[in-house]
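Could you look at this predicted model? Sequence included:
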Amino acid sequence: MKSQPNNRPGDVAKTTRDLYRAVSMSSVGIELALAVVIGLFAGMYADSKLHSGPWLMLVGLLLGLVAGAKGIHRVVKEADRYASERERAENPS
């Protein structure tokens, strides 16, 4: 007879939070790529309407890179905060 693991409600909530954090961190690459592509295409569209050459495309590309870097910074900061909280919980000195 197999014994069932003791899943208390707190354990399930912790597992769910950990899974959410992992998915959130793994989506950083998609977030960066989408920000760059959206900025690039918005700049290309503005260039085609205003006949301004590649300048607005470059501005859109830079804005996309900045938005993507901001997203990466947010995720790294959140992961660092989580690691600090977990370390304090494991070593309550």
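That came through, no problem. Not measured: the values here are computed from a predicted model. Numbers count the residues shown, from 1 in each chain.

so how far is stretch 19-31 off the chain centroid?
Remark: stretch 19-31 is offset 5 Å from the chain centroid, using Cα atoms, centre = their mean, to the nearest Å.

So what touches that stretch?
When contacts are defined by Cβ atoms under 8 Å, 6 or more residues apart in numbering, stretch 19-31 is touched by residues 68, 71-72, 75, 78-79, 82. C-betas here are computed from N, CA, C, even on glycine.

ok, now stretch 42-57?
For stretch 42-57, contacts defined as Cβ under 8 Å, 6+ apart pick out 40, 58-61, 63.

Weed out the non-buried ones from the residues you listed.
Among the contacts of stretch 42-57, the ones that count as buried by 16 or more other Cβ atoms under 10 Å are 40, 59-61, 63.

In helices, which of those appear?
40, 59-61, 63 (DSSP state H).

now the most centrally placed residue in the chain: how far from residue 92?
Compute the mean C-alpha point of the chain, and by Cα atoms, centre = their mean the closest residue is residue 28, 3.8 Å away. Using Cβ to Cβ, to the nearest Å, we find residue 28 at a distance of 31 Å from residue 92.

How about residue 20?
Look at residue 20 and residue 92: by Cβ to Cβ, they are 25 Å apart.

Residue 69 now?
Distance from residue 69 to residue 92, by Cβ to Cβ: 35 Å.

Settle it for me: which of these two has more neighbours?
For residue 69 and residue 92, the more surrounded residue by other Cβ atoms under 10 Å is residue 69, and the numbers stand at 12 against 5.

Now the residue nearest to that one when sequence neighbours are not counted. Its backbone dihedrals?
Once flanking residues are discounted, residue 69 sits nearest to residue 32: 7.7 Å by Cβ to Cβ, 6 or more residues apart in numbering. Main-chain torsions, residue 32, degrees, to the nearest 10: phi -60, psi -50.

who are the neighbours in contact with residue 32?
Contacts of residue 32 by Cβ under 8 Å, 6+ apart are 68-69, 71-72.

Just the buried residues out of those, in PyMOL syntax.
Buried residues among those (16+ other Cβ under 10 Å), as a PyMOL selection:
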select buried, resi 68+71
